[in-house]
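Engineer: here is a sequence with its predicted model. Questions after.
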Amino acid sequence: MQLQFLGTGAGQPSKTRNVSSLVLKLLEEINEVWMFDCGEGTQHQILETTIKPRKISKIFITHLHGDHIFGLPGFLSSRSFQANEEQTDLEIYGPVGIKNFVMTSLRVSGSRLPYRIDFHEFDESSLGKIMETDKFTVYADKLDHTIFCVGYRVMQKDLEGTLDADKLREAGVPFGPLFGQVKNGQDIVLEDGRKIIAADYISAPRPGKTIAILGDTRKTAASVRLAVSADVLVHEATYGKGDEKMARKHGHSTNMQAAEVAKEAGAKRLLLNHVSARFLSKDISQMRRDASAVFDNVHVVKDLEEVEL
């Protein structure tokens with residue numbers, strides 16, 4: 001499981017940072033990639049990665065500001081230029097209005113997609129659990145921005161215990177069908193009459209990962225709720241230390257406020273993105289140092305960076 005950042009800038013693209021988009025790679029877990037926001041130029045950023053557009057099965061939109069959605073029509077259209085056998089359907093989750101934006105853009109431009117899009121729109125009254133599969137659950141909560149905006153909490157369900165093959169061999173179990181039965185939790189009886197209890201050879205379930213990915217927001221209690229005990233919190237840092245009043249005025253957060261959220265939530269790691277173009281390299285280093293005074297495990301991500309979870 002990895003996060004890859006396709007755009008880490010705020011508001012408008014710069015020479016080093018494109019506008020908002022990131023993907024959660026779940027290739028080993030479910031052979032899918034989930035995208036969060038799709039700012040203008042996202043499809044160009046994908047060309048610099050190993051991401052296959054057909055693997056992107058779900059897109060989660062935090063809010064309808066242009067720097068988070070203007071890349072959707074182009075990406076969806078380009079995604080259709082694949083061999084027929086590679087066409088895969090897509091789900092888009094986001095605030096009410098995202099379907100109208102996408103369908104109007106496609107209709108006006110005469111774009112025809114050979115795959116199906118299922119839209120899942122929500123407003124303030126329909127937040128909470130928005131998606132659940134046998135392996136993952138996704139929650140959404142309202143943040144505090146200048147328009148309706150949400151953050152997402154992606155929770156991987158507990159992973160099954162692993163089979164201790166060496167211990168099983170030492171017990172005299174021949175490799176083959178009996179191994180499979182034990183792995184599936186079935187007790188077996190060997191030819192010599194000994195009973196093998198499956199639970200003795202399978203480790204306890206492992207907790208799944210929790211990832212909190214927030215849209216644009218002022219510091220708010222909802223951010224803390226979404227990030228409680230998260231393995232990773234992705235939080236915007238449009239402004240730096242001392243810019244709290246300006247950040248609040250424009251519906252954003254500083255790096256220090258993001259660090260406070262991570263600390264209050266008990267998150268394990270903080271990744272800062274949505275960085276203003278006015279910050280130069282030396283400013284980014286200072287931004288990280290300032291935030292680390294509040295929350296130690298913090299990193300300011302850059303475009304195309306991949307983070308192992």
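Structural biologist: Looks like it arrived, so ask away.
Engineer: which residues in the stretch 51-200 of the chain form strands?
Structural biologist: Listed in chain order, the strands of the stretch 51-200 of the chain (DSSP state E, counting those that start in this stretch) span 56-60, 90-95, 117-122, 128-132, 136-142, 150-156, 188-189, 195-196.
Engineer: just name the most buried of those.
Structural biologist: Among the strands of the stretch 51-200 of the chain, the stretch with the highest mean neighbour count (mean count of other Cβ atoms under 10 Å) is strand 150-156, at a mean of 23. (Each C-beta comes from the backbone N, C-alpha and C, glycine too.)
Engineer: what average pLDDT does that strand get?
Structural biologist: In this model, strand 150-156 carries a mean pLDDT of 98.
Engineer: reformat the strands of the stretch 51-200 of the chain into a markdown table and put distance to G110 next to each item.
Structural biologist: Formatted as a markdown table, the strands of the stretch 51-200 of the chain follow (distance: least, Cβ to Cβ, whole Å):
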| stretch | distance to G110 |
| --- | --- |
| strand 56-60 | 22 |
| strand 90-95 | 19 |
| strand 117-122 | 17 |
| strand 128-132 | 31 |
| strand 136-142 | 33 |
| strand 150-156 | 32 |
| strand 188-189 | 62 |
| strand 195-196 | 64 |
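Engineer: these: which one's closest to G66?
Structural biologist: strand 90-95 (13.8 Å; Cβ to Cβ).
Engineer: rewinding a little: out of the strands of the stretch 51-200 of the chain, which gets nearest to H299?
Structural biologist: Here strand 150-156 is closest among the strands of the stretch 51-200 of the chain (Cβ to Cβ), at 18.8 Å.
Engineer: pull the distance from that closest one to the chain's centre.
Structural biologist: Here strand 150-156 is found 7 Å from its chain centre; the criterion is Cα atoms, centre = their mean, to the nearest Å.
Engineer: strand 90-95 and that one, what's the angle between them?
Structural biologist: Strand 150-156 and strand 90-95 are oriented at 130 degrees to each other (axes from the mean of the first three to the mean of the last three Cα atoms, to 10 degrees).
Engineer: next up, the contacts around the residue located most distally from the centre of the chain.
Structural biologist: For the chain, the largest distance from the centre (Cα atoms, centre = their mean) belongs to D192, which lies 51.1 Å off. Listed by Cβ atoms under 8 Å, 6 or more residues apart in numbering, the contact partners of D192 are G172.
Engineer: kindly provide the distance from it to L168.
Structural biologist: Plainly put, D192 is 15 Å away from L168 if you go by Cβ to Cβ, to the nearest Å.
Engineer: so where is the stretch 1-150 of the chain shaky, pLDDT-wise?
Structural biologist: Scanning the stretch 1-150 of the chain for pLDDT under 70 picks out 83-84.
Engineer: and with 50 instead?
Structural biologist: Within the stretch 1-150 of the chain, no range satisfies pLDDT under 50.
Engineer: can you give me the helices for it?
Structural biologist: Secondary structure of the stretch 1-150 of the chain (DSSP state H, counting those that start in this stretch): helices at 27-30, 42-46, 66-69, 72-79, 98-108.
Engineer: do you know which of those lies nearest P53?
Structural biologist: helix 72-79 (4.3 Å).
Engineer: mind giving me the packing neighbours of the closest one?
Structural biologist: With contacts taken as 3 or more Cβ pairs under 8 Å, 6 or more residues apart in numbering; DSSP states H and E, helix 72-79 sits against helix 42-46, helix 98-108.
Engineer: packing partners of the first one?
Structural biologist: Helix 42-46 makes packing contacts with strand 2-7, helix 72-79 when contacts are defined by 3+ Cβ pairs under 8 Å, 6+ apart.
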